[in-house]
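A.B. asks: model this:
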Amino acid sequence: DSPQYYPLVFTTFWIEQHIWGLAPSGFHAVNVFLHGCNSLFLWAVMRKLNIRYGFLAGLLFAIHPVEVESVAWITERKNVLSAFFYLLSALSFLKYEEKGSRSSYIASLALFIPALLSKTVTCSLPVALLIVRWMSGKKIDLKYILSLVPFFMAGLAMGLVTIWWEINIVGAKGNEWDLSYIERLLLPGRVALFYVFKLLYPSNLAFIYPKWDVNAADLVQWAYTIALLGSLAVLFLFRKTLGRGPLAALLFFLATLFPALGFFNIYPFQYSFVADHFQYLASAGVFGLIAASAALIVPSGKFRKPIEAAGAAVIILILGSLTWSQGKAYKDLETLWKDTITKNPGAFMAHTNLGVLRYNEGRYDEALAHFTDTLKLKPDAATAHYNIGLILYKRGDVPQAVESFRRAIASDPEHVMALVNLGKVLSDTGQNEEAIAVLKKAVERAPGNETAHNNIATAYARTGDLDKAV
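C.D. replies: Residues are numbered from 1 along each chain as shown. Down below sits the predicted model:
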């Protein structure tokens, strides 16, 4: 019944709903708690890797405004919960490497499973462990590779489930995701550099960013991919001079971002190729590099402590203020959609959802205006056509309502509620044969939709076929 197969996330929602209902405060408190723990766990990982300013990495992770979306948006429980188990699993594995403790290895594998069941992006953990091992200059022998095999197998299995689920259940297929292999090569560099830029200069953060027009004929767009490949090459060639840390940080960043770099179809790509919550875990690589770099910059001696204290205070003041401001956008749905439209007027989903809010309030003229704005931006937006149909039907304009429902179905043949309502209107106007044909499709697509069953039963009854109606 869940939109994505992340069972542990929805289990936590189920438990909390039984404790405090749908009051948001409890859900927010859990998200903030998990994020706080993740910041401490990241600091602990940095300490394991002997990075002197590991505290700085944890501090940046804790209060950076890019992380607001993953914490303030309750839906992103999957980020904070998966990272919680991911980092604990990493700490246990590093302890196993250090002491050879069998119990630590078992604990690491046991913690990796709930991480996967919270969000599949954590399948990158064994790759991250390999990167860290290489960065530390330790031997990567057959025994070490074999110790990671169960992690790779579990990650691959869950990854395949998620890819299938995104396409067949969530619906990440169709024209919005119809990119050629060449076009997909344009995305990784641009996506990765976009995220790094937002971490270094967190300005104008938005819930939905403008969607780029991917065009392989535009040579400028190839510059991003070339820049990314060039950065990897330079860091590899100068690894003896610069150390392995910078290359390891970039490799970790890319490996953790890999599912969202454009190679696979994921549902949010219909709105934008980037989102702040996609880089929640990956950002740890950049923060780790910043921490390691700070250790080289801050001088030793009697001024070290005052410089450290002053630096931490400046970071808390600047990033804390930005985070506090960014958090206000998540006050409620209306605030979020208005903030999104202000920053990205082309965000058709924001117009649609703001229209739904106005519709539910009975403010049909305002709702219609927002749905019309959606269609100006995206003429084939099925949900906008469907909602316009509802408004027209309420106003008694049945022919135009029917036309809007048909347009919604033409744009999205899987739009169950458009089928359900079209069938009802057709039946109400005496067109029962066509209504039955339409409602059969609705029942096939959503066997559990009681309204579809009720409407088709009514249509059967009106044709005199009482047995099928019953």
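
A.B. asks: Where does the prediction get shaky in the stretch 151-300 of the chain?
C.D. replies: Applying pLDDT under 70 to the stretch 151-300 of the chain picks out residues 170-177.

A.B. asks: now with 80?
C.D. replies: 165-180, 264-268, 270, 300 (pLDDT under 80).

A.B. asks: What's the local residue count around G311?
C.D. replies: For G311, the count of nearby residues is 16 (other CB atoms under 10 Å). Heads up, the C-betas are built off the backbone N, CA and C, glycines and all.

A.B. asks: hang on, it packs against A294?
C.D. replies: Yes. Counting by CB atoms under 8 Å, G311 does reach A294; the two are 7.5 Å apart.

A.B. asks: what is in contact with the two at once?
C.D. replies: L56 (CB atoms under 8 Å, 6 or more residues apart in numbering).

A.B. asks: Just the buried residues of stretch 407-425, please?
C.D. replies: Of all the residues in stretch 407-425, those buried under the rule 16 or more other CB atoms under 10 Å are 407-409, 411-412, 415-425.

A.B. asks: Quickly name whichever of those residues is closest to Y330.
C.D. replies: M417 (27.3 Å; CB to CB).

A.B. asks: Would you check which pair of the buried residues of stretch 407-425 lies furthest apart?
C.D. replies: S411 and K424 (19.5 Å).

A.B. asks: thinking again about what came up before, point out the ones among the buried residues of stretch 407-425 that are inside helices.
C.D. replies: 407-409, 411, 416-425 (DSSP state H).

A.B. asks: Surely S404 is in contact with A384?
C.D. replies: No. With contacts counted by CB under 8 Å, S404 stays clear of A384, the gap being 9.0 Å.

A.B. asks: what about those two, which has more around it?
C.D. replies: Ranked by neighbour count (other CB under 10 Å), S404 and A384 place A384 first, with 30 against 25.

A.B. asks: who's in contact with R407?
C.D. replies: Per CB under 8 Å, 6+ apart, neighbours of R407: A382, H385.

A.B. asks: quick one: it from T451, how far?
C.D. replies: Separation of R407 from T451 (CB to CB, to the nearest Å) stands at 21 Å.

A.B. asks: and if you look at E433?
C.D. replies: Counting by CB to CB, the separation of E433 from T451 is 20 Å.

A.B. asks: Same drill for these two, tell me which one is more crowded.
C.D. replies: In this view E433 and T451 are compared by other CB under 10 Å, and T451 has more residues nearby, 16 against 12.

A.B. asks: pLDDT wise, what is the more buried one at?
C.D. replies: pLDDT for T451: 91.

A.B. asks: How about L129: what's its closest non-neighbour residue?
C.D. replies: Nearest residue to L129 in three dimensions, chain neighbours excluded: F93, at 5.8 Å (CB to CB, 6 or more residues apart in numbering).

A.B. asks: what's the spacing between the one you found and L87?
C.D. replies: 11 Å.

A.B. asks: start to end distance for stretch 206-219?
C.D. replies: 27 Å (CA to CA, to the nearest Å).

A.B. asks: in it, what counts as buried?
C.D. replies: For stretch 206-219, by 16+ other CB under 10 Å, it's A206, F207, I208, Y209, K211, V214.

A.B. asks: How about the contacts made by the fifth one?
C.D. replies: Contacts here follow CB under 8 Å, 6+ apart; on that basis K211 touches Y271, S272, F273, G346.

A.B. asks: Check the residues you listed and tell me the two furthest apart.
C.D. replies: Every pair of these checked by CB to CB; the farthest is F273 and G346, at 13.7 Å.

A.B. asks: Compare the two (neighbour count), which wins?
C.D. replies: Applying other CB under 10 Å to F273 and G346 shows that F273 carries more neighbours, namely 22 against 16.

A.B. asks: For that one, which three-state class applies?
C.D. replies: Secondary structure for F273, judged by DSSP: H, G, I helix; E, B strand; the rest coil, is coil.

A.B. asks: Check A291 too.
C.D. replies: helix.

A.B. asks: you'd agree it is up against G54?
C.D. replies: Yes. Applying CB under 8 Å as the test, A291 and G54 come out as touching, 6.0 Å apart.

A.B. asks: tell me, what's touching those two both at once?
C.D. replies: M46.

A.B. asks: Would you list the phi and psi of S300?
C.D. replies: phi -80, psi 170 (degrees, to the nearest 10).

A.B. asks: same thing with the one 3 residues further on?
C.D. replies: Note on F303: its backbone torsions stand at phi -90, psi -10 [degrees, to the nearest 10].

A.B. asks: tell me the contacts of Y280?
C.D. replies: So Y280 contacts E67, S70, E76, N79, V80, A83 (CB under 8 Å, 6+ apart).

A.B. asks: of those residues, the lowest pLDDT goes to which?
C.D. replies: E76 (92).
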